[in-house]
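Novice: Okay, sequence plus prediction incoming.
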Amino acid sequence: MNSIKVLNLPTCISCKKPIPPYEKGAHFKCPNCGEVEIWRCYKCRKNTVPYICPKCNFKGP
């Protein structure tokens, strides 16, 4: 019997797209509250698309 493995990919906080393992995405704690893990895809980072922390509403570049 074959088993299906599900890969949970992180989601870019700016564009809401999944970030595949081969992409040069970045993740870091919110610079303001330090409680939320922020994931950003390469494209949004490169284009400086803003993001907003869902907990403290900090807006970053």
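Specialist: Yep, that arrived. What you are looking at is a predicted structure, and each value in this text was computed from that prediction instead of being measured.

Novice: quick one, what contacts the closest residue to Cys41 other than its chain neighbours?
Specialist: What sits nearest to Cys41 in space, not counting adjacent residues and going by Cβ to Cβ, 6 or more residues apart in numbering, is Cys12, at 3.9 Å. Yep, even glycine has a C-beta here, placed from its N, CA and C like the rest. By Cβ atoms under 8 Å, 6 or more residues apart in numbering, the contact set of Cys12 is Pro18, Ile19, Gly25, Trp39, Arg40, Cys41, Cys44.

Novice: Could I get the full set of helices for the chain?
Specialist: For the chain, helices defined by DSSP state H occupy the ranges 42-46.

Novice: list the contacts for the residue nearest the centre of it?
Specialist: Central residue of the chain (Cα atoms, centre = their mean): Trp39, 1.8 Å from the mean position. Each residue near Trp39 by Cβ under 8 Å, 6+ apart is listed here: Pro10, Thr11, Cys12, Ile13, Ile19, Gly25, Ala26, His27.

Novice: Apart from its neighbours in sequence, what residue is nearest it?
Specialist: Once flanking residues are discounted, Trp39 sits nearest to Pro10: 4.2 Å by Cβ to Cβ, 6+ apart.

Novice: now this protein, which segments are flagged as low pLDDT?
Specialist: For the chain, residues meeting the criterion pLDDT under 70 lie at 1.

Novice: ok, now which ones touch the closest residue to Ala26 other than its chain neighbours?
Specialist: Excluding the flanking residues, the one nearest Ala26 by Cβ to Cβ, 6+ apart is Arg40, at 5.0 Å. Shown in contact with Arg40 (Cβ under 8 Å, 6+ apart): Cys12, Ile13, Ser14, Gly25, Ala26, His27, Tyr51.
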